[in-house]
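> Just to be clear, the model below is a prediction. Sequence and coordinates:
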Amino acid sequence: MSPVNSDNNKTAGNVTVYDEVLVGKFIGRTSSLVDVCFIEKLTPYLVLPKDVKVISAERYKQSAWSQTARINAVKYDGSPTSFFLKYVTEDRGEPQLKGEYTGMLELYNTAPHMVPKPYGWGRVSSEPCLFFYVCDYIPLTDTMPDPVQLAKLVADMHKKSTSPTGKFGFYLPTYDGWQPQDVGQWDVSWTSCFTRLLRGLWELDAAMNGHWTELDAAMEKTLTKVIPRLIGILERDGRTVKPCLIHGDLWESNIGTNVATGEIYIFDAAAYYAHNEMEVALWRASYHEIKAEVYREEYVKHYEKSEPVEEWDDRLKLYGVKAKLMYSAGVPGGEGIRQQALEDLVDLIELYGK
């Protein structure tokens, strides 16, 4: 399923791009509200739906890696509507928001009932390091999602999704927070795809935090022995792994419940095509509230564990090392989580690395 562009969008390859000076003027405003006249001029450059008139805009919640705003508008029939704007003022903003837009669009095309509709991403022509992403604004609660509802939605999305190439990976690299993940190529083998992804995160973590001799040794054994055995067996003896579209960073802060309808939405994706169990591995991380076992228990009611079933927990532990290294590389004071990753690898080497 390729990304889809609106008729009135500029395009670069498969991805929508906007280069407009007015966007930079909007973002540069320091007041919490932006005057209506200015926003009316801005509207066509954001490529919002043609049947809306923008009324105001306001700064929105603080994000760890970006800035955000809410654009308030009315449709021509008089009904209110809103849009969400995210922007980044560093060089990484281009690949980061390009990846987010492409991933969110892929998710929306697969499961539109649980993804805010993306409208585009862009670069401001007058500001070389200012990039933005626009989608529907959905009023969401910050409470934990219902496990029964969430598990079925996510499992259904995984089952419905179809890789456009029949392979693992994605059209381009996507970002987990501000950090790139090496998924921007297509691979026929999940074992190979995951090996490359984990190696890249090991290198990223080492670049950010320095090398630990013990961790380096454990990673070498994991890449050369544990992964070929624990993950490789999924693709041997007649077994296959379906490339499923995953959100890629599906923890409680990237999930919300619509305050009006009770429907669950997912956002801030780091999407790619992977083994579906990669998604739920994050649901056992000690530093997330979604670690409650009920979420995983509900998920496997709708999507069976891969064979060998008895190695499910060990696969999730290995997949979870990816998230822990990402956390270690990106969060100040993440040494404790790095230590957890090392301990997990040592456990897995004892079982699968001899």
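Yep, that arrived.
> Report the contact partners of Arg284.
Counting by CB atoms under 8 Å, 6 or more residues apart in numbering, Arg284 touches Lys291, Arg296, Leu316, Lys317, Gly320. Where you see a C-beta, it was placed from the backbone N, CA and C, and this is true even at glycine.
> Dump those residues to TSV, plus neighbour count.
Output for the contacts of Arg284, formatted as TSV (neighbours: other CB atoms under 10 Å):
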residue	neighbour count
Lys291	15
Arg296	21
Leu316	19
Lys317	19
Gly320	21
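> Now for Glu350, how many residues are close by?
Counted with other CB atoms under 10 Å, the neighbours of Glu350 add up to 10.
> Please, which helix or strand holds it?
Applying DSSP states H and E as the criterion places Glu350 in helix 335-352.
> Quick one: distance of that helix to the chain centre.
24 Å (CA atoms, centre = their mean, to the nearest Å).
> Touching that helix from outside, list them.
The contact list for helix 335-352 (CB under 8 Å, 6+ apart) reads 205, 209, 212, 214-215, 218-219, 221-222, 225-226, 229-230, 286-287, 314, 317-318, 320-321, 324-325, 327-328, 331.
> Average pLDDT for it, rounded please.
Mean pLDDT, helix 335-352: 96.
> ranges for the helices of the stretch 201-350 of the chain?
Ranges of helices in the stretch 201-350 of the chain, per DSSP state H, counting those that start in this stretch, are 213-221, 227-230, 277-281, 293-299, 312-330, 335-352.
> most tightly surrounded among those?
The highest mean neighbour count among the helices of the stretch 201-350 of the chain, using mean count of other CB atoms under 10 Å, belongs to helix 277-281: a mean of 24.
> Pull it out as PDB, backbone CA atoms only.
These are the backbone C-alpha positions of helix 277-281, laid out as PDB (Å, rounded to 0.1, in the frame of the first residue of the first chain):
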ATOM      1  CA  GLU A 277       5.200  -9.900  18.100                       C
ATOM      2  CA  MET A 278       7.600  -7.000  17.900                       C
ATOM      3  CA  GLU A 279       4.700  -4.600  18.700                       C
ATOM      4  CA  VAL A 280       3.600  -6.300  21.900                       C
ATOM      5  CA  ALA A 281       7.200  -6.800  23.200                       C
END
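> packing partners for that helix?
Applying 3 or more CB pairs under 8 Å, 6 or more residues apart in numbering; DSSP states H and E, we find helix 277-281 packed against helix 147-160, strand 244-246, helix 293-299, helix 312-330.
> among those, which is nearest Ala269?
Closest to Ala269 of those, according to CB to CB: strand 244-246, at 8.7 Å.
> who's in contact with the closest one?
With contacts defined as CB under 8 Å, 6+ apart, strand 244-246 is touched by 106-107, 110, 157-159, 161, 163, 271-276, 278-279.
> Buried ones among those residues?
The neighbour-count test (16 or more other CB atoms under 10 Å) marks 106-107, 110, 157-158, 161, 163, 271-276, 278-279 as buried among the contacts of strand 244-246.
> This completes my enquiry, with thanks.
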